[in-house]
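1. Got a sequence here, can you build the structure:
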Amino acid sequence: MILSLDVVATLLALHLAVWLRFDGMVPAPYLAALPAVLPLLAGARIVSNMAVGIHRWSFRLAGLPDALRVVTAGLVGTLAFTVLCTQVVPGGMPRSVYVLEFFLATASFGALRFAPRAGLRWLGKRARTKAGAARTIIVGSGDAAELLARDLQRSSDSPYALVGFVSEDPSLVGRRLDGSRVLGLVRELPELLRRYCVTTVLLADQGQSAARRRQILDMCATCRARFKIIPAALDQIERLSVAMLGDVAPEDLLPRDSVAFDEAEIRALVCGRRALVTPTCANPSPFCGLASDTAPRTSSTPRPTSTSPSWSKPPTRPPRTTSSERSTSRAWPTRAVRQGSSSSPPTRL
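-> Below is the predicted model of the structure:
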């Protein structure tokens with residue numbers, strides 16, 4: 001299917017190139033040579049496109065490397081057509097025809113392959129807007145911000161509708177990243193949130209210090225905007241997605257770096273030994289995980305034995321009495337005292 005469209009685009013490109021070269025008044029020799037030249041050009045384009053591999057195309061995931069392959073296929077096809085044309089037409093076609101045909105055919109190949117992606121992106125944006133997706137600003141302008149923005153705009157059912165970026169670099173203000181504009185600086189975030197009616201802020205810049213993150217979080221709290229962050233453990237990966245976003249964790253706001261456990265040191269400490277992990281440890285899970293792998297006899301709590309007196313069965317409680325029984329038990333001593341002899345002293349209960 002795509003190769004058939006390439007052939008049609010090639011034939012139209014050659015006719016248009018010849019028409020533009022002669023301003024619509026094509027000489028008769030060139031008009032007579034067109035029926036013989038067109039099959040050569042179509043064959044050269046098909047072979048070059050298949051050799052470069054642009055006949056197998058992912059319309060949804062096409063990027064810059066694919067655009068370079070399209071240009072390469074167009075250049076190879078034009079060179080092959082130039083060589084073959086001189087064998088059929090004496091003297092060949094005018095050089096400007098080759099140049100015009102190259103640009104027209106290559107532009108047509110790129111339009112056929114990238115137009116569906118642009119259309120899907122536009123339809124996805126409209127679908128997110130109709131579904132009530134949260135208007136979102138991304139804090140950051142690096143690779144992580146670009147990857148996150150690409151994933152936001154690729155999914156039609158994403159809960160976020162990207163409005164733009166904010167950056168710490170003043171030279172990037174007004175420029176575009178993956179089709180979205182850098183709206184301003186980070187210090188202008190409260191004003192931008194109100195101006196563009198933004199309800200969610202995504203932090204994709206792991207270079208921010210903890211103090212700066214607290215300031216951004218305070219800005220969002222002032223404007224009542226939600227705040228999401230990429231976990232620190234995911235800042236070096238090559239693929240980011242919306243599913244990796246999470247709420248702000250306490251370690252993201254610490255004024256120091258998080259403490260990393262040395263697995264080799266812990267393994268050497270607990271290997272072949274009995275370990276007791278008390279519940280007073282703030283976060284014993286990393287230690288317990290390594291201890292369970294290296295020392296099978298490790299236990300976190302002592303087990304009671306059957307002969308230990310401290311683990312004996314607790315005594316059973318007496319049955320509860322009703323209110324009438326309690327009133328009767330309270331009145332019985334009083335009646336017993338009243339029935340006694342008058343000479344005996346009254347008994348204090």
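
2. which helices and strands does the longest helix along the chain pack with?
-> When the chain is parsed with DSSP state H, its longest helix is helix 95-130. When contacts are defined as 3 or more Cβ pairs under 8 Å, 6 or more residues apart in numbering; DSSP states H and E, helix 95-130 packs onto helix 2-21, helix 28-52, helix 64-88, helix 143-154, strand 160-167. All C-beta atoms are positioned from the backbone trio N, CA, C, and that covers glycine.

3. right, and the ones you listed - which one's nearest Ile229?
-> helix 143-154 (11.0 Å; Cβ to Cβ).

4. in the stretch 151-300 of the chain, which spans are strands?
-> Secondary structure of the stretch 151-300 of the chain (DSSP state E, counting those that start in this stretch): strands at 160-167, 176-177, 180-185, 200-203, 226-229.

5. So for the longest helix of the chain, mean pLDDT?
-> The pLDDT scores in helix 95-130 average 87.

6. Looking at the strands of the stretch 151-300 of the chain, which is nearest to Ala33?
-> With Cβ to Cβ, the closest approach to Ala33 among the strands of the stretch 151-300 of the chain belongs to strand 176-177: 45.5 Å.

7. Show me what the closest one packs onto, helices and strands only.
-> Secondary-structure packing of strand 176-177 (3+ Cβ pairs under 8 Å, 6+ apart): helix 143-154.

8. rewinding a little: past the longest helix of the chain, which element shows up next along the chain?
-> strand 134-139 (DSSP states H and E).

9. Tell me the helices and strands packed up against that following strand.
-> Going by 3+ Cβ pairs under 8 Å, 6+ apart, strand 134-139 lies up against helix 143-154, strand 160-167, helix 189-195, strand 200-203.

10. ok, the residue lying closest to Ala36 once chain neighbours are set aside - contacts?
-> The spatially closest residue to Ala36, leaving aside those adjacent along the chain, is Val88, at 5.2 Å (Cβ to Cβ, 6 or more residues apart in numbering). Neighbouring residues of Val88 by Cβ atoms under 8 Å, 6 or more residues apart in numbering: Ala33, Ala36, Val37, Leu40.

11. ok, which stretches of the stretch 151-300 of the chain are helices?
-> Using DSSP state H, counting those that start in this stretch, the helices assigned to the stretch 151-300 of the chain run over residues 189-195, 210-222, 263-270, 285-294.

12. low-confidence ranges in the stretch 101-250 of the chain?
-> 156, 231-250 (pLDDT under 70).

13. let's go with 50 and repeat that
-> Scanning the stretch 101-250 of the chain for pLDDT under 50 picks out the ranges 232-239.

14. Just the buried ones from the contacts of Val88?
-> Neighbour counting by 16 or more other Cβ atoms under 10 Å classes Ala33, Val37, Leu40 among the contacts of Val88 as buried.

15. Put together JSON lines for those, with pLDDT on each row.
-> Formatted as JSON lines, the buried ones among the contacts of Val88 follow (pLDDT from 0 to 100):
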{"residue": "Ala33", "pLDDT": "87"}
{"residue": "Val37", "pLDDT": "89"}
{"residue": "Leu40", "pLDDT": "89"}
